[in-house]
Each structure stands twice: as C-alpha cells, then as structure tokens.
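In: give me coordinates for this.
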Amino acid sequence: MNLRYSRKFAASLRKLSIEDKVTTVHAVELFQENPFHNSLRNHALVGKMSGRRAIVADHDIRVIFTERGGYKDVTLLDVGTHSDVYRH
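Out: The predicted model follows:
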C-alpha cells in the first residue's frame, strides 16, 4: 500500500489530543496491515462525500480517505470527530 497524507489530514492530526493521536496512529498502522479489519469498520461514504471512504479509529474519531487500485494507492484526507469530518 502506497500511503499518502494530505496537508489537511496532517493539520487535523496535530489538533487532536495526545490520546486521540496515539489511537489514530494505531488505527492507520492496522489499516496498512489489513484495510478491512473488523475494528476499523471500513465503509464507503455517500452524498456529498461520495467517492471517499472512512475508518473508525476510536468511538468518535474517523479517518477519511480515498483509495485507488484496490488499496494500492491510499490518500488520508482528514481525521477528527464524527461531527468535524462529516460537516463539510
């Protein structure tokens, strides 16, 4: 998996609490090993976010991403609470 981080993702990650940062990093590492691990609840988004996907890093922390080529190329777009990342 070729994993890229958008500037928005990096900026949003910096704003998280230490605990949420650690949880997010762990979730991304797990995602790299197995994008469909049950705990990540990988799912497609709909509506204005159609074409993007999300994983659950913690009960309220989501990571938004796009993928190409069967997860060969993945770009992490945003991270934050459910209400923060879905308000766009």
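In: for stretch 47-57, which positions count as buried?
Out: Buried residues in stretch 47-57, counted by 16 or more other CB atoms under 10 Å: 49, 52-57. All C-beta spots, glycine's among them, are computed from the backbone N, C-alpha and C.
In: and the helices in this protein?
Out: Assigned by DSSP state H, the helices in the chain fall at 7-15, 18-33, 82-85.
In: closest one to Val74 among those helices?
Out: helix 18-33 (8.1 Å; CB to CB).
In: which neighbouring elements make contact with that closest one?
Out: Helices and strands touching helix 18-33, by 3 or more CB pairs under 8 Å, 6 or more residues apart in numbering; DSSP states H and E, are strand 53-56, strand 61-68.
In: can I get that helix in PDB, CA atoms only?
Out: Taking Å, rounded to 0.1, in the frame of the first residue of the first chain, the C-alpha atoms of helix 18-33 are listed here in PDB:
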ATOM      1  CA  ILE A  18      -2.400  13.000  22.600                       C
ATOM      2  CA  GLU A  19      -4.700  10.000  23.300                       C
ATOM      3  CA  ASP A  20      -6.600  10.500  20.000                       C
ATOM      4  CA  LYS A  21      -3.300  10.900  18.100                       C
ATOM      5  CA  VAL A  22      -2.000   7.600  19.500                       C
ATOM      6  CA  THR A  23      -5.300   5.900  18.700                       C
ATOM      7  CA  THR A  24      -5.300   7.300  15.200                       C
ATOM      8  CA  VAL A  25      -1.700   6.200  14.500                       C
ATOM      9  CA  HIS A  26      -2.500   2.700  15.800                       C
ATOM     10  CA  ALA A  27      -5.600   2.600  13.500                       C
ATOM     11  CA  VAL A  28      -3.600   3.700  10.500                       C
ATOM     12  CA  GLU A  29      -1.000   1.100  11.200                       C
ATOM     13  CA  LEU A  30      -3.700  -1.600  11.400                       C
ATOM     14  CA  PHE A  31      -5.300  -0.200   8.300                       C
ATOM     15  CA  GLN A  32      -2.000  -0.700   6.400                       C
ATOM     16  CA  GLU A  33      -1.800  -4.300   7.500                       C
END
